[in-house]
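> let's see this in three dimensions:
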Amino acid sequence: MSRIAKELELIKGSIPGSVTLVAVSKTKPLELLKEAYAAGQRHFGENRVQELEEKYNALPKDICWHMIGHLQSKKVKTIAPFVHLIHGVDSFKLLAEINKQALKNNRTIDCLLQFFIAQEETKFGFDLEEALEMLGSDEFAALKNIRLVGIMGMATFTDDTDQIRTEFKTLASYFDQLKSTHFENVASFKEISMGMSGDYAIAIEEGSTMVRIGSAIFGGR
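Alright, predicted model coming up:
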């Protein structure tokens, strides 16, 4: 068994079966992705559009590709034909562009709303008030080729586990509020994407349904 296969087995053994493991493969060579694929991994996450497109073209077509980085509106058209899930939707403008490109490709594209929960200015995302206002708007209701399936957020990069836990609790509370106000009878609105290599165990304890893990699988850069 390869080292990557062993790491995947360890991680999958430590998380509930209900949690989706997204292998963060950004900057990693195709050989390592092929190892993970051979070990049964099918969900991969990339944060650069060009790299995502290149890997999509080079690898098997049953892979579910997750766009996990900050996405510029002008680059949506490149991934619209094949992307499985766009994690970082942080503005209505981006959502409208995804809808436009999905329509051109005769698709409905699944998306997650990104919330700002960290104490770092480098992170992106909605605040709760902005998201609720958007979800209640006629402009949002007119978007027929996107499907919001949940939310995502990134905790502050810190060793303070209490702070990380508090931020994850905040995100989970946002999910509960959106679910009750706008998605009560929408079964597909079920994902809370939070947790990475350093904090995924806490994230799962706080309700995460999807973790994004890179270095723990592939090693550091």
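> pLDDT weak spots in the protein?
Counting by pLDDT under 70, the ranges of the chain that qualify are 122-123, 221.
> how much space separates residue 57 from residue 63?
Between residue 57 and residue 63 the distance is 11 Å, computed by Cβ to Cβ, to the nearest Å. (Each C-beta comes from the backbone N, C-alpha and C, glycine too.)
> which of those two has more neighbours?
The neighbour comparison of residue 57 against residue 63 (other Cβ atoms under 10 Å) goes to residue 63, with 20 against 9.
> I'd say the more buried one and residue 45 touch.
No: counting by Cβ atoms under 8 Å, residue 63 sits too far from residue 45 to count as a contact (10.8 Å).
> what about the helices in the chain?
For the chain, the helices defined by DSSP state H cover 3-14, 30-38, 49-58, 76-79, 92-104, 128-135, 138-141, 161-182, 200-205, 215-218.
> and the fifth one, how far from the chain's centre?
Using Cα atoms, centre = their mean, to the nearest Å, the distance from the centre of helix 92-104 to the centre of the chain it belongs to is 17 Å.
> any chance you could list what contacts that helix?
71, 73, 76-77, 80, 86, 89, 108-109, 111, 134, 137, 139-140, 143-146 (Cβ atoms under 8 Å, 6 or more residues apart in numbering).
> buried subset of those?
Among the contacts of helix 92-104, those buried by neighbour count (16 or more other Cβ atoms under 10 Å) are 71, 76, 80, 86, 89, 109, 111, 134, 140, 143, 145, 146.
> which residues does the fourth one bridge with?
The partner list for residue 86 in beta bridges (DSSP bridges) reads residue 67, residue 111.
> look up how far residue 139 lies from it.
From residue 86 to residue 139 the distance is 18 Å (Cβ to Cβ).
> how about the third one?
Shown here: residue 80 relative to residue 139, a distance of 20 Å by Cβ to Cβ.
> ok, now residue 107?
Distance from residue 107 to residue 139, by Cβ to Cβ: 20 Å.
> try residue 173
For residue 173 relative to residue 139 (Cβ to Cβ), the value is 26 Å.
> returning to what we had before: which stretch among the helices of the chain comes nearest residue 119?
helix 161-182 (7.6 Å; Cβ to Cβ).
> for the most centrally placed residue in the chain, give me its contacts.
Taking Cα atoms, centre = their mean, the centroid of the chain lies closest to residue 87, which sits 3.4 Å from it. Going by Cβ under 8 Å, 6+ apart, residue 87 touches 45, 66, 67, 68, 112, 114, 152, 193, 212.
> with neighbour count added, can I get those residues in CSV?
Formatted as CSV, these follow (neighbours: other Cβ atoms under 10 Å):
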residue, neighbour count
45, 25
66, 28
67, 26
68, 27
112, 23
114, 27
152, 28
193, 27
212, 25
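> and which of the residues you listed is nearest to residue 158?
residue 212 (17.6 Å).
> spatially nearest residue to the closest one, not counting backbone neighbours?
residue 22 (4.7 Å; Cβ to Cβ, 6 or more residues apart in numbering).
> and that neighbour, how far is that from residue 84?
From residue 22 to residue 84 the distance is 10 Å (Cβ to Cβ).
> between these two, which one's more packed in?
Taking neighbours as other Cβ under 10 Å, residue 22 and residue 84 compare with residue 22 leading, 25 against 17.
> ok, the more buried one - contacts?
43, 44, 45, 66, 68, 193, 210, 211, 212, 213.
> I appreciate the help and will end here.
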